[in-house]
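**Student:** below are the sequence and a predicted model; questions follow.
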Amino acid sequence: MSRREILGNYAVLALGVITFATTVFAVWQHFSPLPYGDSWDGSIGFYMRAAQDPWHAFFEQHNEHRLTFSRLIFFADIRYFGGRNVFSLISNLVLAGALAAAFFRITVHYRPTLSRQTRFGLAGAILVFAFSWMQRENFAWGFQSQWFAVYLFALLAFHSIDRTAEADAGDKPAKRLGWLTAALVSAWFAAYSMSSGVLVFPALIVQALYARLKPRQLLAIVIVTVAVWFAYFIDWHKPGSSGNLLTGVREHPLAAIRYVLLYLGSPAFQIRTGLAGAYVAGILVLAALAANCFRLLRASAGRPQGVALLVFALFIAGNALLTASGRLWFGVETALASRYTTASLMGWLALILFAALNSRTPEQLRRAVFVAALATLAVASGQRFFVRADRDETYARFVAGLALRAHVYDPEIIRPVYPFPDALPNIARQAEAEHLSIFAPDQPDYLVPPSQINASLPCAGSIDDISATTTPGTYRATGWIYDQADKRTPRAIVVTDATGTTLGTGVIGAERGDVRNIFGRSARYSGWTAFFKAPASGGIRVDGQTAAGAYCALQAEKPMPAALPAAAAVQ
């Protein structure tokens, strides 16, 4: 190996490590303990239902899915980690790491003589794909572990069939049984990770036929397939959020093709090449998939290595078509959602590795390595967006959580954590009754102040506005606050009356460019929102928590307006 090749491998390893590290940092940067979107019903609601009927809760439908595997994670997160998303987010990273390790081990299995430097380069490239921040929605949202799980278990199932065939050829019955069992168990986990996982079983049957497994083994796969499909679909119903699985593709075939191309080419879109780049990438992926399938079927070509990788890529293409059939009515460009990018990235990686493993001449290998290098650099270039944290979104979610804790259910306030605000109050009330997540007595994310506040130090700031909420007797106030002595914003705020009696609390984090212009960068996010009960008489005061048990006070008192406009109520 030349010095240039050695340095190249180390450079790719460094790129992979940087990708991994920056994605972990981005997960921390985007962290929010708030349940968001499907987490309310799919995690919090599931946990409460599991307390009543565990068997049904773990296997019940969520949209078109049965999220049994991910529910193990959700349950543990709420039961043992306070429902703050910490365990769920770590699980996302662990599953992505397991997927990367699976790709690495499969490749090395077929190339055990790879040099240490080449293995470093291989590991780096796999890390770039597995931990790309293009998948930000799946990394930053605790509810998304199923996206990594379904592809991990699918890949393990397909590889286990390859190993079963190897054990057959080597006349090793114990290993043959072990690998076949691993394939069936992995396929079961894939099916109960996401709905697309049910496609793993038919793919296993086709792969087993190609590998010429013994009739008894094939029969076992067919029997388990029928059993799992029967159990999965016995009481399954089409959710209202999904289109008809056949109508969309049949009535809009061109739109379905566009959807599939965008789905498979979405990594190109994520690096800002536009729709054209995504279409071109999708076409190239389909062309590569077709070419490799042709290679697989050529009788004179010999048995390819790593067939599981190609079957996995075909599974990804099947996912694209299945998603198009159910989501086409939302619009073609929904195929570019970052959560779908996990599938396309893993499909790209599988095709690249399969091509490299089956290069029969040095020239073919050089071409495969060249394509791999280009794809790796392209995917890595998207990592530059990891620093873009949407502070406004995070703040809006914290305000929504504060509102729920204060029993304020105004739609415009709570919508940032749930797209259907009419349904959220009922779930939130049940969660509060069960002391779950942000309603737990020992939750660390929202200040629980003493009944009386004595602030001895001053803070700069103002109470800009007071408005009514839909909850009788509860009001919202907004403003800004800054601790000039320590040159920082306080941790949280407390609303009191003139005597220091606590009326409510608030969160800090709204962007205030005007305050930044006065006090500098440390005051940029000094805006706050609070919810409070009206004082018995007089106005309100605001104190900022500067440390545990320590507060600074705004000097001005804000009188309660004589008449406040009513907010729109949640029905």
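**Tutor:** Done, it's in. The model shown is predicted, which means the values in this text are computed figures rather than measured ones. Residues are numbered from 1 along each chain as shown.

**Student:** residue contacts, Gly121?
**Tutor:** Taking Cβ atoms under 8 Å, 6 or more residues apart in numbering as the criterion, Gly121 is in contact with Gly8, Asn9, Tyr10, Val12, Leu13. Placement of C-beta: from N, CA and C, glycine included.

**Student:** by neighbours, which of those wins?
**Tutor:** Val12 (25 neighbours; other Cβ atoms under 10 Å).

**Student:** surely it touches Thr376?
**Tutor:** Yes: using Cβ atoms under 8 Å as the test, Val12 is close enough to Thr376 to be in contact (6.6 Å).

**Student:** need the residues touching each of the two.
**Tutor:** Between them, Val12 and Thr376 share these contacting residues under Cβ under 8 Å, 6+ apart: Gly124, Ala125, Val128.

**Student:** give the next helix or strand downstream of the helix or strand hosting the last one.
**Tutor:** If I follow you right, that is Val128. Element membership for Val128, per DSSP states H and E: helix 116-130. Counting by DSSP H and E, the element after helix 116-130 in chain order, helix or strand, is helix 136-140.

**Student:** which elements pack onto the next helix or strand after that following helix?
**Tutor:** Using DSSP H and E, the next helix or strand after helix 136-140 towards the C-terminus is helix 145-169. Counting contacts by 3 or more Cβ pairs under 8 Å, 6 or more residues apart in numbering; DSSP states H and E, helix 145-169 is packed against helix 68-81, helix 86-110, helix 173-191, helix 200-211, helix 307-327, helix 338-357.

**Student:** what about helix 145-169, distance to the chain center?
**Tutor:** Remark: helix 145-169 is offset 23 Å from the chain centroid, using Cα atoms, centre = their mean, to the nearest Å.

**Student:** buried residues in that helix?
**Tutor:** By 16 or more other Cβ atoms under 10 Å, the buried positions in helix 145-169 come out as 145-165, 167-168.

**Student:** likewise for stretch 361-378?
**Tutor:** Neighbour-count burial for stretch 361-378 flags Ala368, Val369, Val371, Ala372, Ala375, Thr376, Ala378 (criterion: 16+ other Cβ under 10 Å).

**Student:** and the longest strand seen in the chain, which residues are buried?
**Tutor:** In the chain, with assignment by DSSP state E, the single longest strand is strand 457-468. Neighbour counts over strand 457-468 (16+ other Cβ under 10 Å) mark Cys459, Ala460, Gly461, Ile463, Ile466, Ala468 as buried.

**Student:** would you mind pulling up the elements that the following helix or strand past it packs against?
**Tutor:** Counting by DSSP H and E, the next helix or strand C-terminal to strand 457-468 is strand 474-482. Judged by 3+ Cβ pairs under 8 Å, 6+ apart, the packing partners of strand 474-482 are strand 457-468, strand 502-510, helix 513-519, strand 527-533, strand 541-547.

**Student:** can you do 6 Å?
**Tutor:** strand 457-468, strand 527-533 (3 or more Cβ pairs under 6 Å, 6 or more residues apart in numbering; DSSP states H and E).

**Student:** and those strands as a markdown table, adding mean pLDDT and distance to Thr107?
**Tutor:** Shown next, in a markdown table, are these (pLDDT from 0 to 100; distance: least, Cβ to Cβ, whole Å):
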| stretch | mean pLDDT | distance to Thr107 |
| --- | --- | --- |
| strand 457-468 | 95 | 58 |
| strand 527-533 | 98 | 51 |
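
**Student:** residue ranges in this protein under the pLDDT threshold?
**Tutor:** 240-246, 248, 299-302, 563-571 (pLDDT under 70).

**Student:** what about the nearest residue to Ala125 once chain neighbours are set aside, distance to Trp147?
**Tutor:** Nearest residue to Ala125 in three dimensions, chain neighbours excluded: Thr376, at 4.8 Å (Cβ to Cβ, 6 or more residues apart in numbering). In this view, Thr376 and Trp147 are 21 Å apart by Cβ to Cβ, to the nearest Å.
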